[in-house]
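Student: coords please:
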Amino acid sequence: MKKILILANSSGGLFRFRKELVERLIHEGNDVYISTPNGDYIENIKKLKAKVIISKIYRRSINPIHDLRLVLQYLKIVQTIKPDLIITYTIKPNIYGGIISRILRIPYVSNITGLGTVFQKKNLIKKLVCILYKISEKSAKIVFFENVENKETFLKLHLIERKQAHILNGAGVNLVDFPLTDYPKNNNATRFLFIGRIMKEKGVDELFDAIKKLISEGTDCSLDIVGPYEENYAEVIKKYVEEGWLHYHGYQKDVRPFIANCHCAVLPSWHEGMSNVNLECASMGRPIITSDIHGCKEAVVNGTSGILVEKKNTEDLKRAMQIFDELPYQKRKEMGIAARKLMESKFSKERVVAETISVLQTKYLI
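Tutor: Numbers count the residues shown, from 1 in each chain. A predicted model of the protein is given here:
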């Protein structure tokens, strides 16, 4: 039996996307500890038979005092548990967990679930993050990536060595939790669906502009949104809801009813690690319109299970949505079935977990 410590910045993200991996690690006879901030999913994690340690993380803060406190928290946790292996997810756990693991000479594995906003800019914060990543990943046994572009970015910036890198098909999707559902019966209005945080880098401005243009030209369609919004979008959301074409549902623990009710999911994001939203919608048999970028395009066979569009391009997004709106019912249904088949062949949670375990075993980490 080995002691495995998992460091994560969200109980919800860890449970929803990694619970099968945690279950497999425990099934293999390991003693699993999870450090995560308090949240709605703590009890769910405990039911997996993992031991939970509450830690406080300011995910979006760049206050050095907050980060120093996190480092001290992690140091205390590691010294108390004395794990045989540390697995980290997302930027702050990756960096600070990695540095502590390296100093204490504990084997560790990092997961780059996306590069985030910081890598999209050229500023002092990006330079600092790159320096910290170079220090933290120096001795990592494995650095898991969710798409090839993120891996190549790390290699180009000399943050890791090529032998450390391994690409997974994201977190995968649970084909049972997100089953193939009957395609909605044909009607006059096409129901598009966006799931995610309403923020500029998810492409929501382009999405709003595209659907407004479609409606102004006579296309009968609507947009459902599931997810929280940044404060500067409050008035915009309110206005569009009053206009009648936007249906806002806020944050929802269970997105499946909304996926089942839509004709097509839309995610015109600027950057992703591997979009879980795309995987979940495709698993339930819904066509996808999404950006032609790594982290999004892997989930779509262009023209067969969905349509790829140029990021930050309102006209291209409008074109794709219009093409989909004009498709006959049977073609839409066939696209949804093709989307499900792609998930079954490449992105099933079972496949991703098995590959993760295999890599860990090959490195003699479990």
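Student: can you show me the helices along this protein?
Tutor: Using DSSP state H, the helices of the chain run over 11-27, 42-46, 64-81, 91-92, 98-104, 124-136, 148-156, 204-216, 234-243, 256-261, 276-283, 314-325, 329-342, 349-362.
Student: highest average neighbour count across the ones you listed?
Tutor: Highest mean neighbour count among these (mean count of other C-beta atoms under 10 Å): helix 276-283, with a mean of 28. In short, each C-beta sits where N, CA and C put it, glycine included.
Student: could you export it as CSV, CA atoms only?
Tutor: Backbone C-alpha positions of helix 276-283 (Å, rounded to 0.1, in the frame of the first residue of the first chain) are rendered in CSV as follows:
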residue,chain,number,x,y,z
ASN,A,276,-15.2,18.7,-20.6
VAL,A,277,-18.4,20.5,-21.8
ASN,A,278,-17.7,19.4,-25.4
LEU,A,279,-17.1,15.8,-24.2
GLU,A,280,-20.2,15.7,-22.1
CYS,A,281,-22.5,17.1,-24.8
ALA,A,282,-21.1,14.8,-27.4
SER,A,283,-21.5,11.8,-25.1
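Student: hmm, who's touching it?
Tutor: Contacts to helix 276-283, defined as C-beta atoms under 8 Å, 6 or more residues apart in numbering, come from residues 16-17, 170-175, 178-180, 193, 195-196, 255-256, 259, 262, 265, 267, 288, 290, 296, 299-300, 305-306, 339-340, 342-343, 347.
Student: repeat that for stretch 110-130.
Tutor: With contacts defined as C-beta under 8 Å, 6+ apart, stretch 110-130 is touched by 62, 87-91, 94-95, 97-98, 136-137, 140, 142-146, 150-151, 153-154, 157, 159, 171, 201, 270-274, 295.
Student: hmm, which of those residues are the buried ones?
Tutor: 87-91, 94-95, 97-98, 136-137, 140, 142-146, 150-151, 153-154, 159, 171, 201, 270-274, 295 (16 or more other C-beta atoms under 10 Å).
Student: first to last residue in stretch 220-231, what's the distance?
Tutor: End-to-end distance for stretch 220-231, by C-alpha to C-alpha, to the nearest Å: 29 Å.
Student: next: stretch 28-47.
Tutor: Across stretch 28-47, the terminal residues are separated by 17 Å (C-alpha to C-alpha).
Student: could you give the mean pLDDT of that stretch?
Tutor: The average pLDDT within stretch 28-47 is 96.
Student: returning to what we had before: restricted to strands, list the contacts of helix 276-283.
Tutor: Using DSSP state E, Leu193, Ile195, Ala265, Leu267, Ile288, Thr290, Gly306 are the members of the contacts of helix 276-283 that sit in strands.
Student: of all these, which two lie farthest apart?
Tutor: Farthest pair in those (C-beta to C-beta) is Ile195 and Gly306. Separation: 14.7 Å.
Student: identify those among the buried ones among the contacts of stretch 110-130 that sit within strands.
Tutor: Among the buried ones among the contacts of stretch 110-130, the ones falling in strands (DSSP E) are Ile87, Thr88, Tyr89, Ile142, Val143, Phe144, Phe145.
Student: now for the third one: which residues touch it?
Tutor: In other words, Tyr89. Contacts of Tyr89 by C-beta under 8 Å, 6+ apart are Ile6, Leu7, Ala8, Asn9, Gly13, Leu14, Arg18, Asn111, Thr113.
Student: and the second one, how far from Leu85?
Tutor: When distances are taken as C-beta to C-beta, to the nearest Å, Leu7 and Leu85 turn out to be 11 Å apart.
Student: neighbour-wise, which of the two wins?
Tutor: Taking other C-beta atoms under 10 Å, Leu7 and Leu85 do not tie; Leu7 has more neighbours (32 against 22).
Student: list the residues that contact the more buried one.
Tutor: By C-beta under 8 Å, 6+ apart, the residues touching Leu7 are Ser35, Thr36, Ser55, Tyr74, Ile86, Ile87, Thr88, Tyr89, Pro93, Gly97.
Student: gap between it and Phe15?
Tutor: Leu7 sits 15 Å away from Phe15, going by C-beta to C-beta.
Student: ok, now Val236?
Tutor: Distance from Val236 to Phe15, by C-beta to C-beta: 31 Å.
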